[in-house]
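Chemist: coords please:
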Amino acid sequence: MTRKISIVLLSIVSFGILAMIGLTTMQRRILFPRHYTQAYPDAGKNLPGLERIWLDTDEGKVEGWFLPGRGVSADQPGPVVIFAHGNAELIEYWPSSFEGYRQLGISLLLGEFRGYGRSAGSPSQENITADFVAFYDRLIQRADVDQNKIIFHGRSLGGGVACALAQKRKPAALILQSTFTSVRTMARRFFMPGSLVRDPFDNLALVKQIDVPILVIHGRQDDLIPFHHGQNLFRAAKNGSFIAYDCDHNSCPPDWQVFWQDIEKFLRQAQILGAKK
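Modeler: Residues are numbered from 1 along each chain as shown. Have a look, this model is predicted:
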């Protein structure tokens with residue numbers, strides 16, 4: 001009887017170990033579902049002002065798009081926003097939606113994730129953070145960029161990228177749109193031990209320690225990343241603002257005109273944009 005019990009216990013433990021190994025292996029496929037995206041070789045072909053930036057990494061080239069803000073030049077350097085997209089998106093999804101930044105005189109840097117779109121390599125917190133640091137370091141060398149007015153903006157998973165970048169390079173302001181407190185917290189929601197998470201993206205820890213203007217935007221009906229994640233990020237911020245919209249995860253913002261009014265107000269309060277004339 002004792003031997004039978006031992007065999008059963010061993011089988012359970014073995015199954016548990018194999019399950020944990022499987023979860024550990026699969027988590028990056030879940031966190032970075034690049035297989036759902038489709039890149040087009042001629043993306044951005046007719047986009048006015050587009051400048052492609054290519055990083056050389058140990059896994060190959062990683063793509064970024066730079067789009068100058070209205071009125072910005074080497075003689076008149078201006079602010080720039082580094083934007084990190086969601087986990088099943090590509091950089092070419094965003095120029096039209098984020099034209100509002102350019103109209104405000106803010107240039108836009110769209111950084112791609114490794115292994116996404118036309119970029120080589122495998123995505124991970126370490127790899128993506130290293131690439132966004134490299135994008136930042138490229139920006140501060142540009143004559144048309146005001147080094148003191150660099151904004152980080154992340155949506156969903158991109159909020160984790162923006163916060164990871166903020167641990168390495170200090171932004172003038174941080175915008176977190178529909179993002180989570182940490183991947184470990186999200187994992188526990190789906191009954192996966194947080195200790196197994198390889199890419200934690202601990203946004204809450206960063207928000208607690210950094211002292212810059214932070215805008216948190218979240219949808220009240222977000223059923224992917226619950227509303228309380230946005231509330232907790234705001235409460236943890238030393239210099240935070242919070243905007244709640246009546247929308248879910250993928251319809252945030254519900255009204256782009258209102259969104260750009262809110263962004264402009266925040267950036268003027270943060271003194272990144274001058275007072276409205």
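
Chemist: Three-state assignment for residue 174, please.
Modeler: The assignment at residue 174 comes out as strand when based on DSSP: H, G, I helix; E, B strand; the rest coil.

Chemist: where does it sit relative to residue 55, distance-wise?
Modeler: 22 Å (C-beta to C-beta, to the nearest Å). Just so you know, the C-beta spots here come from the backbone N, C-alpha and C atoms, and that holds for glycine as well.

Chemist: who has more neighbours, those two?
Modeler: Taking other C-beta atoms under 10 Å, residue 174 and residue 55 do not tie; residue 174 has more neighbours (28 against 21).

Chemist: Let me know how buried the closest residue to that one other than its chain neighbours is, in neighbour terms.
Modeler: Among residues not flanking residue 174 along the chain, residue 214 sits closest, at 4.7 Å (C-beta to C-beta, 6 or more residues apart in numbering). For residue 214, the count of nearby residues is 27 (other C-beta under 10 Å).

Chemist: Residues in a beta bridge with residue 214, which ones?
Modeler: With DSSP bridges as the criterion, residue 214 is bridged to residue 174, residue 240.

Chemist: ok, it - contacts?
Modeler: 173, 174, 175, 176, 207, 233, 234, 237, 239, 240, 241 (C-beta atoms under 8 Å, 6 or more residues apart in numbering).

Chemist: Let's see that with 10 Å instead.
Modeler: If a contact means C-beta atoms under 10 Å, 6 or more residues apart in numbering, then residue 214 has 152, 163, 166, 171, 173-176, 206-207, 233-234, 236-242, 266, 270 as its contacts.

Chemist: separation between residue 153 and residue 172?
Modeler: Taking C-beta to C-beta, one finds residue 153 at 12 Å from residue 172.

Chemist: Can you flag the buried ones in the contacts of residue 214?
Modeler: Neighbour-count burial (16 or more other C-beta atoms under 10 Å) applied to the contacts of residue 214 gives 152, 163, 166, 171, 173-176, 206-207, 233-234, 236-237, 240-241, 266, 270.

Chemist: doesn't residue 62 make contact with residue 110?
Modeler: No. If you go by C-beta atoms under 10 Å, residue 110 and residue 62 don't touch, sitting 11.9 Å apart.

Chemist: From the neighbour counts alone, determine which of these two ranks first.
Modeler: Neighbour count, other C-beta under 10 Å: between residue 110 and residue 62, residue 62 has more, with 28 against 25.

Chemist: Thanks a lot, see you next time.
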